[in-house]
Structures are given as structure tokens and as C-alpha cells.
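Colleague: Need coordinates for the following:
(one chain, ligands or ions: 1)
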Amino acid sequence: EFLRRPLIAGNWKMNMDHVQGITLLQKLEWTLDDAKHSFQRVEVAVFPPFTDLRGVQTLVAGDDLDVVYGAQDLSPFDSGAYTGDISGQFLSRLGCTYVLVGHSERRTLHDESNEVVASKLAAALKHSLQPILCIGEGLEVRQSGDHVNFTLQQLRESLAGYPAESVDKLVVAYEPVWAIGTGEVAGPEDAQEMAAAIRGELVALYGVEAAEGVRVLYGGSVKAASAAALMSEKDVDGLLVGGASLDAGEFANIVRFEQ
Ligand code: PEP
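Modeller: Down below sits the predicted model:
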């Protein structure tokens, strides 16, 4: 049995328009022929582009799908003169359960600092969204051997001000940047090393009981073929999947990692 209910999350990034997104979700539901069983054991979440969310909401509610969904980012602000940004308030009204915060592509391409990430975590909580905080080191840091220190510092700084009473809402995704979209998946023991270190840091910050409840995901070039070994690690509670989540069959096989 799992200590924590596994979460398999598909980050569509800037792929799948609102028609393609609906088709993908319908295929996913059909492909998971034992869907009810899979969905009970494993929580399945997808992260479509903002423009797909309304369509996904309608499909999920109308066809009673078991998948949950979230957004790939949110604004730290509620409303106002922030052209192009999307508020957590809008996302929760669209039925989002989760929101990704601090994905490496946001940190790199949009210069998001840990401070900005911390303010987005606060905005997520304010609007009843469960944040999936993404952290992880780049190639240079990995090669220097400082990956644990680097990632834990990112964790601490991103969680600055994060309230203890909301730790049960938090999900942390360890996503080494060198593994994202590169085809180079981290070994299960590398994923476990960092997941355990992250949990250790959460123990230091919030205590054992709270830390034991937090799901720690691994992300970076996960495919169906690598899912089972990663999920067999004690502190790896789920997977954040980019490229492989765009193929319904491949993603369904990741969800069914036990089979
Ligand atoms: C991601 O975007 O979070 C990710 C892990 O991407 P990929 O699976 O394509 O490496």
C-alpha cells in the first residue's frame, strides 16, 4: 500500500488547443478501461493551457470524469492592471484543484525568483488552490555535486512565509532541469535521494507529521517505461509528466505504472 495517494500529473505546457485538449482527455478516459480502479488508487491531474480550462471544466463536469485539473501558473495578484496575467481567483472559479508554481520554464524564461514563487504560493492558498511547487537543479549544479544543497535552498526560499496549517495542501515536485524535455530521466535512486532530502527539510520546517503527509513528485522525461521504477522508491509519491502526457496511451500507461 502507498503511504500517500500517488499523484500522476500531466503538464501540457503550451500544447493542445481547446479542441485537441478535449480529444486527449476523452481518449485518456477510454484508454484507462479500468478507469474507476486506476483513479481510486491514483490521482490523475492534467495541466492544460489557460485557454483550455473552460472546455476541460465542461467536459469533466458533464461526463463525470475522474481526472482533476489545474493551471500551469498564476498571478500573485487577485485582479487589476496586470495585462496578460491570470489570477488564482479565476482559476478556482474554473474548478481547478491544483496550480503549478515555479516550474523551471517559468523560472528561466520569465525570471521567476524564489520570492515571486513564494508570493504565488500565497495567492494559490488564498484562492483554495493546491500548489505544486516545482524545484530542481540545473546541469552545472548537478555536475558540481551541490544538487541537494541547491534544491533545498530553493525549497526553503520558495516556502518563506508558507503557513504551517496549509502544509496539507502542498505538493512538491522535484524536477532536475537537466532532465526536463531532454529525454534524460533521473535514475530512481537519484529521485529517491532528493525526495528524501526534501522530506527531511519539510520535517525540519513543519514537523514529522506534516512532512509525512506531503506528496513529493519526480518530473523530468518520465515515460511509461521509467514510471514503475521511479514509483517504487519510498519517498517518490507521484510523477509530473511533460512530453509523455500529450499521448493518451503513453500517459495512461504511466497512470497504470503498477501493471
Ligand atoms: C515538465 O514539464 O514538468 C516535465 C517534466 O517535462 P518532460 O516530461 O517533457 O521532461
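
Colleague: Does anything pack onto the longest helix along the chain? Which helices or strands?
Modeller: In the chain, with assignment by DSSP state H, the single longest helix is helix 188-206. Counting contacts by 3 or more CB pairs under 8 Å, 6 or more residues apart in numbering; DSSP states H and E, helix 188-206 packs against helix 147-158, strand 171-174, helix 208-213, strand 215-219, helix 224-231. C-beta: built from backbone N, CA, C; applies to glycine.

Colleague: As JSON lines, these with mean pLDDT and distance to the ligand would be great.
Modeller: Shown next, in JSON lines, are these (pLDDT from 0 to 100; distance: least, CB to the nearest ligand atom, whole Å):
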{"stretch": "helix 147-158", "mean pLDDT": "98", "distance to the ligand": "15"}
{"stretch": "strand 171-174", "mean pLDDT": "98", "distance to the ligand": "7"}
{"stretch": "helix 208-213", "mean pLDDT": "97", "distance to the ligand": "23"}
{"stretch": "strand 215-219", "mean pLDDT": "98", "distance to the ligand": "4"}
{"stretch": "helix 224-231", "mean pLDDT": "96", "distance to the ligand": "10"}
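
Colleague: about what we covered before: just the C-alpha atoms of the longest helix of the chain, please, in CSV.
Modeller: Taking C-alpha atoms only, helix 188-206 is exported to CSV below (Å, rounded to 0.1, in the frame of the first residue of the first chain):
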residue,chain,number,x,y,z
PRO,A,188,15.2,6.1,-9.4
GLU,A,189,18.0,6.3,-6.7
ASP,A,190,18.7,10.0,-7.7
ALA,A,191,15.0,10.7,-7.5
GLN,A,192,14.8,9.0,-4.1
GLU,A,193,17.8,10.8,-2.8
MET,A,194,16.3,14.1,-3.5
ALA,A,195,12.7,13.2,-2.5
ALA,A,196,14.0,12.0,0.9
ALA,A,197,16.1,15.2,1.3
ILE,A,198,13.1,17.3,0.5
ARG,A,199,11.0,15.4,3.1
GLY,A,200,13.8,15.9,5.6
GLU,A,201,13.7,19.6,5.1
LEU,A,202,9.9,19.6,5.4
VAL,A,203,10.3,17.8,8.7
ALA,A,204,12.7,20.5,9.9
LEU,A,205,10.3,23.2,8.8
TYR,A,206,7.0,21.8,9.8
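
Colleague: in that helix, what counts as buried?
Modeller: The neighbour-count check on helix 188-206 (16 or more other CB atoms under 10 Å) flags 188, 190-199, 201-202, 206 as buried.
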